[in-house]
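Peer 1: Provided below for reference: sequence and predicted model.
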Amino acid sequence: MPKFQTPPGMHDILPKDEALWNRVYDTVREVAQAYDFGRIETPVLEFEELFSKGLGQTTDIVEKEMYTLRTKGGDRLALRPEGTAPVVRAYVQHGMKTWPQPVKLWYFSPMFRHERQQAGRFRQFWQFGFEILGDKDVSADVEIIRVLAVTLETLGLHHTALQINSLGCNQCRPYFKKVLGGYLRSRKEQLCANSRKRLGTSPLRVLDCKDERCQRIAMNAPEIIDHLCEECRQHFKGLLGFLDELTVPYVFNTKLVRGLDYYNRTVFEVVPEEEALGEDRALPKAQSAMVAGGRYDLLMKQFGAKDTGAIGGSGGVERIVAALSREAGAIAHPQVPIVFVAQLGEKAKHQAMLLFEDLRKAGILARASFGRDSIKSQLRVADKIGAPFVLIVGQKEALEGTALLRTMGDGTQETVAREDIVKEIRERLKKIKPRVNKS
RNA sequence: GUGCCCAUAGCUUAAUGGUAAAGCUCCGCUCUGUGGCAGCGGCGAUGAGGGUUCGAUUCCCUUUGGGCACCCCA
């Protein structure tokens, strides 16, 4: 039994995962570059206050899911549970308001939340995110949604559904809360215990409670969309108009609220379509959101970036990787052929190492097993890893300054002079069809 | 944080209240300058701690970890 294991909810990303992870990372990076987002990586640790003040005291993330610690100097720090607050902090700290607006940033980083893990939910998980700061205009909303949609599409995830809603602003939300609160209070008896507790603090959350009774009440509840102030209504209308023009399919979900307090106006989520989940539904709907985000003008203001706005969205890498594995048919990647360098004898080993370096410098993927002495076991390894060619350097070859070039497919081999090896290998590799492996 | 299920080798699985078995993988030998096949061998496990018992991997308790659900979220 291993003495040490990863802490609960945390996991290793192994070489076998590399193909899919790279695919997600590369896609995010390419999309970010195509839309001119600049990379930002903020520290894993921030002052705890950044989140407790930024995300809202009563949010679950702050109340019970933060990893916090006290430093020897007495500072209270927290492992970041999300990426937006640090980015806004950076915007203000580095005076990005003096940069040409808006400032467009992206990241790809681990996040930490102390929750019980289950399917698609971890204590350390990776998120990529896109943020547009310093822009109140609805076009920023459109761009964020589009960038995320393009990312998923490029990855080949087509069975997704974009849900979208507006939460209003400082003007209209308090008014709506009152209306909603009144409605809910009049039916308090029929609500579940949890929702009853939430009535006072965040009545909006009652709307996406999964309790059957609450659902029924939520069904007929007043909708925020009918109570938006004129500006918010125009903003939302404008957004939907853009999406229609760009033929981005969306589902207007008036019940969609988000777990963080800082959102205003636009909020959205991308979930896998039912059929994409397969018959046995590998993931339940509630925690299957692959991508989510919203506008956070209030957070900007709170952190000192007045009179401007910002919007962003982030994606859960593990969930997207899982979705990619589900669509296994789409996942095929070429495997780069490897040339194996085998050696026999002390002198030959030295020669072989030099040869290995020659190959590497020439950009040829090479592998060797210098720790093994028998040619037999070395060839076995070459066979296992699927090397199409093996270069064998023995005593004789070492003296002659040559190597034996063995073609594994048919077992033929010929002697090649040291200085011709790279050229010869290059030619032969050209003729090989890349092997395609399903992962 | 709450509830339900689970825990044997790196992986997949056996078994019994009485010496823990196999397949795959890995390492090696048969074959001391040649891979795949085959044969043989080797490494390697009852998550941890208690209890019941002559004896526990098996039964009980605790704990740790995992899966799932709730809560919530990417």
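Peer 2: Structure's in. What do you need? Numbers count the residues shown, from 1 in each chain, chains lettered A, B, ... in the order given.
Peer 1: is RNA strand B contacted by stretch A:110-124?
Peer 2: Yes: against RNA strand B, stretch A:110-124 shows contacts by Cβ under 7 Å from any atom of the strand at A:113, A:115, A:116, A:117, A:118, A:119, A:120, A:121, A:122. (Each C-beta comes from the backbone N, C-alpha and C, glycine too.)
Peer 1: Skipping its backbone neighbours, what lies nearest the last one in space?
Peer 2: Same thing as residue A:122. residue A:9 (5.0 Å; Cβ to Cβ, 6 or more residues apart in numbering).
Peer 1: and the one you found, that one's in a strand?
Peer 2: No: counting by DSSP: H, G, I helix; E, B strand; the rest coil, residue A:9 falls outside a strand, being coil.
Peer 1: got a list of what it touches?
Peer 2: Residue A:9 makes contacts with A:115, A:116, A:117, A:121, A:122, A:123, A:124, as judged by Cβ atoms under 8 Å, 6 or more residues apart in numbering.
Peer 1: now, which of the residues of stretch A:110-124 next to RNA strand B sits nearest residue A:294?
Peer 2: residue A:113 (18.2 Å; Cβ to Cβ).
Peer 1: quick one: which two of the residues of stretch A:110-124 next to RNA strand B are the most distant?
Peer 2: For those, and using Cβ to Cβ, no pair is farther apart than A:113 and A:119, which are 15.3 Å apart.
Peer 1: which of those two has more neighbours?
Peer 2: residue A:113 (21 against 12; other Cβ atoms under 10 Å).
Peer 1: right, and the more buried one touches residue A:60 too?
Peer 2: No: at 9.1 Å, residue A:113 and residue A:60 do not qualify as touching, with contact defined as Cβ atoms under 8 Å.
Peer 1: hmm, who's touching stretch A:31-50?
Peer 2: A:66, A:68, A:75-80, A:83, A:85-87, A:89-90, A:103-107, A:109-110, A:112, A:130, A:143, A:147, A:150-151, A:154.
Peer 1: Repeat that for stretch A:73-80.
Peer 2: Stretch A:73-80 is contacted from outside by A:42-51, A:66-71, A:86, A:109, A:111-112, using Cβ under 8 Å, 6+ apart.
Peer 1: Spell out whether it and RNA strand B are in contact.
Peer 2: No: judged by Cβ under 7 Å from any atom of the strand, stretch A:73-80 stays clear of RNA strand B, getting no closer than 12.3 Å.
Peer 1: just stretch A:157-165 next, same as before
Peer 2: No: applying Cβ under 7 Å from any atom of the strand, one finds stretch A:157-165 separated from RNA strand B by no less than 10.9 Å.
Peer 1: How far off centre is that stretch?
Peer 2: 16 Å (Cα atoms, centre = their mean, to the nearest Å).
Peer 1: picking that back up, which ones among the contacts of stretch A:31-50 map onto helices?
Peer 2: A:85, A:86, A:87, A:89, A:90, A:143, A:147, A:150, A:151, A:154 (DSSP state H).
Peer 1: For the spatially closest residue to residue A:222 that is not a sequence neighbour, pull up the helix or strand it's in.
Peer 2: For residue A:222, ignoring the flanking residues on the chain, the nearest one in space by Cβ to Cβ, 6+ apart is residue A:179 at 5.2 Å. When elements are assigned from DSSP states H and E, residue A:179 belongs to helix A:172-185.
Peer 1: wait, does that helix contact RNA strand B?
Peer 2: No: Helix A:172-185 stays clear of RNA strand B (Cβ under 7 Å from any atom of the strand), getting no nearer than 14.2 Å.
Peer 1: can you pull the buried residues of that helix?
Peer 2: A:172, A:173, A:176, A:177, A:179, A:180, A:183, A:184 (16 or more other Cβ atoms under 10 Å).
Peer 1: what's the pLDDT at the most centrally placed residue in chain A?
Peer 2: Nearest to the mean C-alpha position of chain A, by Cα atoms, centre = their mean, lies residue A:317 at 3.0 Å. Here, the pLDDT recorded for residue A:317 equals 95.
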